[in-house]
Structures are given as structure tokens and as C-alpha cells.
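In: Below is the sequence, then the predicted model.
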Amino acid sequence: MMTAAVNHYFRSSIGRKHLVAITGLLLCGFLVGHLSGNLLLLVGPDAFNIYAHKLISLGPLLYVIETVLALVFLVHLYLAARLNIENRQARGKYTLKTRTGRGTTLMSASMPYTGVVLLVFIILHLMNLKFGTNYQTQVDGVQMRDIYRTTVEYFQSPVSVAWYVFAMACAGFHTAHGFSSAFQSLGLNFPKYYPKIKIISYLYAVTIAGGFAFLSIWCYLKGV
Amino acid sequence: MATTNNMTLNLKIWRQKNQTSEGKLVDYRVENVSPDMSFLEMIDVLNDQLVRKGEDTVAFDHDCREGICGMCSMMINGKAHGGFKNTTTCQVHMRLYKDGDTVVIEPFRAKAFPIVKDLTVDRGAIDKVMAAGGFITANTGNAPDANAMLIPKPVADEAMDAAACIGCGACVASCPNGSGMLFMGAKVSQLALLPQGQPESPKRALNMVYTHDTLGFGNCTTHAECEATCPKGISIEHIARMNREYLKAAFTYHEKNRSEGAG
């Protein structure tokens, strides 16, 4: 049975921040997997298609994974939006115009905005690629989806590439603050290792945003 | 007294009659400001001028003027306590400003801190959070022997760093989210580090966070603007410690333990 304390936890300022942090870190983990898989684009059409086919072949298990991922994303989105609304109310009518310069960064101040860009991006991303044109191909006699072609074709438009690179810059900004901030929220801030977490946070952001952005430009240059 | 270095300042001060009325910035000119004056003394000079002219003086909070009571507040040029490192408003001296400077003075703003009059705000919300923390169990009577309870120096130092909080509310005023987390973190941390506060630590964390959340404070998004503004240089590490304390308490505290003994 849930005690009042546990009950309050899920409604409290700190408890909800813990959930935003945990779901955020899970999404960070997902991006690592996603980028690793996408790097197969560089190997060639067959390698990328076989990888995608293996994922699709998971069948019901894939649906379970996708549902969990969607739930993690929605919890992150919902709680972050709620907390942001509360924070705006707590600040009141007068917003702070000046900063000390020793606290808030462009990354931390833009979290809600980069978050909204990423939400729009993810919807379009799923529509254009996952639910994009379903080409078929055969690799070693096995019939499978030619997701490689869908991807490379999508990035033939400079507008698509520009939007993608912009969205990845937002992802970089969002995770540069979010990754290390998640550790702070979870109470994992010790002088011994927190400076290292901050460095890892920046490295993570640059690697993820740079990696995805690079692949989109690579697709554009590679051509159909 | 040499008057050669004295300055003339243009002030824009937030004037507001009471909590419900609309406030606005009003221009004032203060002459003969000595660089050796504190910021509050400069306002004393202004108020003296206003009294002589029969005008309403500027209301502002102050008490010890030694940087330890936590009464003085003010957003000076948009920054809590003027934005100088480890400095309260009363310890800001006029030598930091130049002749002819325009200085904007506003109250500490946050939903949790309603304006009482001019630069005076009601910071009672942080007292409520403090009170919700409750008491610790300690022997009364004679002062205990200094070495009766051994606490390693680094731990005592860390507890002291947190205990340095004077409850001025600059963290709330400078937080883009109007959150009281640094204040509360310092208070939770200070006792969580010491053996004296241990038996009450889960209840303290739960009650303080619960009270904080009901008073209109925002939530932490780790901007660390509080740490940058805190006149006592309190680190957001204490927020992290509170987050751990709260997590531990939320999942391990039992209802049956809730009844308190007759102290």
C-alpha cells in the first residue's frame, strides 16, 4: 500500500523532477542506440536495411519497446510542461531580465523552447521516415523494407537537411543542460565527480547532435 | 570629510503603496553620496531628503547591516543584492558605482514573496518552510561538552557551509523559476550532515518539501542562478543532498512513526 509520503512524492516538486530526470536519461540512452544504428548508413544500403529488418522482425516485442519508449517520452513531456507552467506562475508578472552571468546559460534558459522544437521534430520525423514511403527490396533473397532509400531520398531536399540540422542543434542544447542537470536532480552531485559529469554532458550533446547532423548531410551528398 | 570624491546618482526606485496597488519606477536624484557609504546608507540619505520635502519615504528592509541577519533585500540593477559575489545589499558600498550612474532598485520578486510596500516584501514563506522542518532532539540545560559528540572536521565544515544561510531569499528572487530550493536545501543539508538531526531527518525533508510546494514556489531546473547570487556562497550541492534525503524519506518513512513523543 502506498503511504502518504510515497503518494506525495509523485506530486511534489522534487519527485516530479526525479521522474523528468530518469525519463530524460532513458531518452538519452535511446539516442545512443538510435545513432549507433544509423551509423550503419555509412556501411551501405544492405547493412542498414538488414538492421532495420531485424528490428521490424521483433514483432510484438518491438511494439512493447515502442510503447515503453512512447510512455517515457510522454511522461517527460507532460511533467516538464507542468513544471514549466508552475515555474512561470511562481516567477510572477515580472520576469528576470538580467542575470549574474554565473548561473543561467543559453542552454538552461532555452530548455522549454528546444523541447517544443524536439516535439515537433519527432512527430515530423516519424511521419517522414518511419511512416514514410514504404519501398521494398531484397537482400540475399529476403524481402524487406528499403528504409535506406526512404532515408536518403528524404534528405535530398536541402530544406529537410536544414530543418534536421536545426533540430539536432536544439537536441544538443537540450541535452547539454539536461544530461548533467538530471544527475543534480537525482541528488548525484558530489564535488568529486560532478565536474566530470558536466564535461560528459557537453561531450554527449556534441556527439549526438553532431553525429545525427553529419548523417543527414552525408545522405544529402551521397544522393539516391 | 573630503567631499571631492562624492557622487551624484540617478535612482529609479520601485514605489508601490501596498500589496494590491500597481507599482511603478520613480526617478530620484541623490547628491553628495560618499563612496564610503553602504548602499543602505545611500537610501537613508535619500529618505532624509524625502522627509525634509515632506514626501513619503522609501520603505526597505534592513536590520543588522553587517551581512548576517538576512533582512536586506533589493534587486539592484536587476540582480539580487546587486549581483556581487558573496555580498548582501548592506555590504554593497557606493565605491562600486560611478558618479552619474543610473541605478535601478526593485524589490525581491516572486509569487511566494508578495510586496508589502515599495522595496519591502513578505518573505514569511521561507519562515514557514523553516518551521515545517521542526525541532531536533537535543539535551537542554547546561551546554554539552564540546567533544561529547565527535564529528569529523570536513563534515562539520560542510554542515557549517549550509548553516551559513541567512534566509534572505535572494535565491528565490534570482531564480528564473521563483524556487526556494537553495534555501530549503541548505536547511535540510545542515542537519542531515550532523548526528544531532538524524532521528528527525525523514520527517524534516518530507514536511519541508511539502510546505515549500504549497507556498507558490517554483521547481528547480538547475540554472544555478541561486548559487551565483547567494550572499553566503551556498552551493547547489546542498539541493542535491536534499533531493537524496527527500527520495530516501519518501520511500522509507512509515506512517506509524509519524506520532511524536511528548518532548
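Out: That came through, no problem.
In: Quick check: which ranges of chain A have low pLDDT?
Out: Chain A contains residues with pLDDT under 70 at A:1-2.
In: quick one, strands of it?
Out: Along chain A, counting by DSSP state E, strands occupy A:136-139, A:142-145.
In: is it possible to export the ones you listed to a markdown table including mean neighbour count and distance to chain B?
Out: Every C-beta, even on glycine, is put in place using the N, C-alpha and C of the backbone. Converted to a markdown table, these look like this (neighbours: other C-beta atoms under 10 Å in any protein chain shown; distance: least, C-beta to the nearest C-beta, whole Å):
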| stretch | mean neighbour count | distance to chain B |
| --- | --- | --- |
| strand A:136-139 | 12 | 46 |
| strand A:142-145 | 14 | 41 |
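In: contacting residues for residue 102?
Out: This is for chain A. B:85, B:224, B:225, B:227, B:228 (C-beta atoms under 8 Å, 6 or more residues apart in numbering or on different chains).
In: that's the other chain; I wanted chain B
Out: By C-beta under 8 Å, 6+ apart, residue B:102 lies in contact with B:9, B:10, B:11, B:12.
In: Mind doing that once more with 7 Å?
Out: Applying C-beta atoms under 7 Å, 6 or more residues apart in numbering or on different chains to residue B:102 gives the contacts B:10, B:12.
In: about what we covered before: make a PyMOL selection of the buried ones in the contacts of residue A:102.
Out: If you want just the buried ones from the contacts of residue A:102 in PyMOL, going by 16 or more other C-beta atoms under 10 Å in any protein chain shown, the selection is:
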select buried, chain B and resi 224+225+227+228
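In: Name the residues of chain A found near chain B, please.
Out: Of all the residues in chain A, those in contact range of chain B (C-beta under 7 Å from any C-beta of the partner chain) are A:3-6, A:8-9, A:12-15, A:17-18, A:83, A:86-87, A:89-92, A:94, A:96-100, A:102-104, A:108, A:111, A:181, A:184-189, A:191.
In: any idea where the helices of the chain begin and end?
Out: No chain was given, so I picked chain A. Here chain A has its helices, by DSSP state H, at A:4-9, A:13-38, A:40-43, A:45-56, A:60-91, A:106-109, A:111-125, A:147-154, A:158-185, A:194-222.
In: Hmm, no, I was thinking of chain B.
Out: In chain B, the segments counted as helices under DSSP H are B:39-52, B:124-132, B:153-163, B:170-174, B:181-192, B:201-214, B:225-229, B:237-252.
In: packing partners for the second one?
Out: With contacts defined as 3 or more C-beta pairs under 7 Å, 6 or more residues apart in numbering or on different chains; DSSP states H and E, helix B:124-132 has these neighbours: helix B:181-192, helix B:201-214.
In: With respect to burial, which of these scores highest?
Out: helix B:181-192 (a mean of 27; mean count of other C-beta atoms under 10 Å in any protein chain shown).
In: Now do that helix: everything it contacts.
Out: B:126, B:129-130, B:133, B:136, B:159, B:162-163, B:165, B:167, B:169, B:171-172, B:197, B:201, B:204-205, B:208, B:212, B:220, B:226-227, B:230, B:234, B:236, B:238-239, B:241-242, B:245.
In: Buried ones among the residues you listed?
Out: Here, 16+ other C-beta under 10 Å leaves B:126, B:129-130, B:133, B:159, B:162-163, B:165, B:167, B:169, B:171-172, B:197, B:201, B:204-205, B:208, B:212, B:220, B:226-227, B:230, B:234, B:236, B:238-239, B:241-242, B:245 buried among the contacts of helix B:181-192.
In: Show me what from the stretch 1-150 of chain B comes close to chain A.
Out: The interface of the stretch 1-150 of chain B toward chain A, taken as C-beta under 7 Å from any C-beta, is made up of B:77, B:78, B:79, B:83, B:109, B:110, B:111, B:112.
In: leaving aside the residues next to it on the chain, what's closest to the fourth one?
Out: When the adjacent residues along the chain are set aside, residue B:83 lies closest to residue A:100, with 4.9 Å between them (C-beta to C-beta, 6 or more residues apart in numbering or on different chains).
In: wait, isn't the one you found in contact with residue B:85?
Out: No. Using C-beta atoms under 7 Å, residue A:100 is not in contact with residue B:85, being 8.7 Å away.
In: and the residues of the stretch 1-150 of chain B next to chain A, which of them are in strands?
Out: Applying DSSP E to the residues of the stretch 1-150 of chain B next to chain A, the entries found in strands are residue B:79.
In: Same list, the residues of the stretch 1-150 of chain B next to chain A, but as CSV with pLDDT and neighbour count please.
Out: Shown next, in CSV, are the residues of the stretch 1-150 of chain B next to chain A (pLDDT from 0 to 100; neighbours: other C-beta atoms under 10 Å in any protein chain shown):
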residue, pLDDT, neighbour count
B:77, 95, 16
B:78, 93, 15
B:79, 94, 23
B:83, 92, 21
B:109, 94, 23
B:110, 95, 28
B:111, 95, 19
B:112, 96, 27
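In: any chance of the residues of the stretch 1-150 of chain B next to chain A in JSON lines, plus distance to residue B:19?
Out: As requested, the residues of the stretch 1-150 of chain B next to chain A are arranged in JSON lines below (distance: C-beta to C-beta, whole Å):
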{"residue": "B:77", "distance to residue B:19": "25"}
{"residue": "B:78", "distance to residue B:19": "22"}
{"residue": "B:79", "distance to residue B:19": "24"}
{"residue": "B:83", "distance to residue B:19": "26"}
{"residue": "B:109", "distance to residue B:19": "13"}
{"residue": "B:110", "distance to residue B:19": "14"}
{"residue": "B:111", "distance to residue B:19": "12"}
{"residue": "B:112", "distance to residue B:19": "13"}
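In: Pull up the gap between residue A:110 and residue A:174, please.
Out: To residue A:174, residue A:110 is 8 Å away according to C-beta to C-beta, to the nearest Å.
In: So between those two, which is more surrounded?
Out: residue A:174 (24 against 15; other C-beta atoms under 10 Å in any protein chain shown).
In: residues touching that one, list them.
Out: Contacts for residue A:174 were tallied using C-beta under 7 Å, 6+ apart; they are A:111, A:114, A:115, A:118.
In: my guess is the second one contacts residue A:173, does it?
Out: Translated: residue A:114. Yes. The criterion here is C-beta under 7 Å, and residue A:114 meets it with residue A:173 at 4.9 Å.
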